[in-house]
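In: Just a sequence and a predicted model for now, questions to come.
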Amino acid sequence: MSECPNRELNLKECTCSYPGCPRKGMCCECIKHHRENGEIPGCLFPANAEKTFDRSVRKFVEVMGQ
């Protein structure tokens, strides 16, 4: 994983609540990781859905369609 020059700035806006996430504040790494796993980053979910840690496309469509 590379260093991110914007990490401190990104951390101020990062809504990921997954404890110990090594990508927290590194948006490019986060997007790459979730894309490779067929998932959607937590920052795109509403807060209540993000806390479930279910990053599936199915979950995203379910909560955004409400």
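Out: In hand now; what should we look at? Bear in mind that the values here come from a model prediction, so they are computed numbers and not experimental data. Numbers count the residues shown, from 1 in each chain.
In: Helices along the protein, start to end?
Out: All helices of the chain, identified by DSSP state H, fall at 7-11, 27-36, 47-50, 57-64.
In: Would you mind giving these as a markdown table with mean pLDDT, distance to Cys21 and mean neighbour count added?
Out: Glycine gets a C-beta too; all of them are placed from N, C-alpha and C. Formatted as a markdown table, these follow (pLDDT from 0 to 100; distance: least, CB to CB, whole Å; neighbours: other CB atoms under 10 Å):
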| stretch | mean pLDDT | distance to Cys21 | mean neighbour count |
| --- | --- | --- | --- |
| helix 7-11 | 95 | 11 | 13 |
| helix 27-36 | 96 | 8 | 15 |
| helix 47-50 | 94 | 12 | 14 |
| helix 57-64 | 96 | 18 | 13 |
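In: Include distance to Tyr18 when you put those into JSON lines, please.
Out: Formatted as JSON lines, the helices of the chain follow (distance: least, CB to CB, whole Å):
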{"stretch": "helix 7-11", "distance to Tyr18": "14"}
{"stretch": "helix 27-36", "distance to Tyr18": "10"}
{"stretch": "helix 47-50", "distance to Tyr18": "9"}
{"stretch": "helix 57-64", "distance to Tyr18": "14"}
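In: Would you mind telling me which of the ones you listed is nearest Pro19?
Out: Shortest distance between Pro19 and those, using CB to CB, is found for helix 47-50: 13.0 Å.
In: right, and the helices of the chain - which one's nearest Ser17?
Out: helix 47-50 (6.2 Å).
In: Residues in contact with the closest one: which ones?
Out: With contact meaning CB atoms under 8 Å, 6 or more residues apart in numbering, helix 47-50 is reached by Thr15, Cys16, Ser17, Gly42, Cys43, Lys59, Phe60, Val63.
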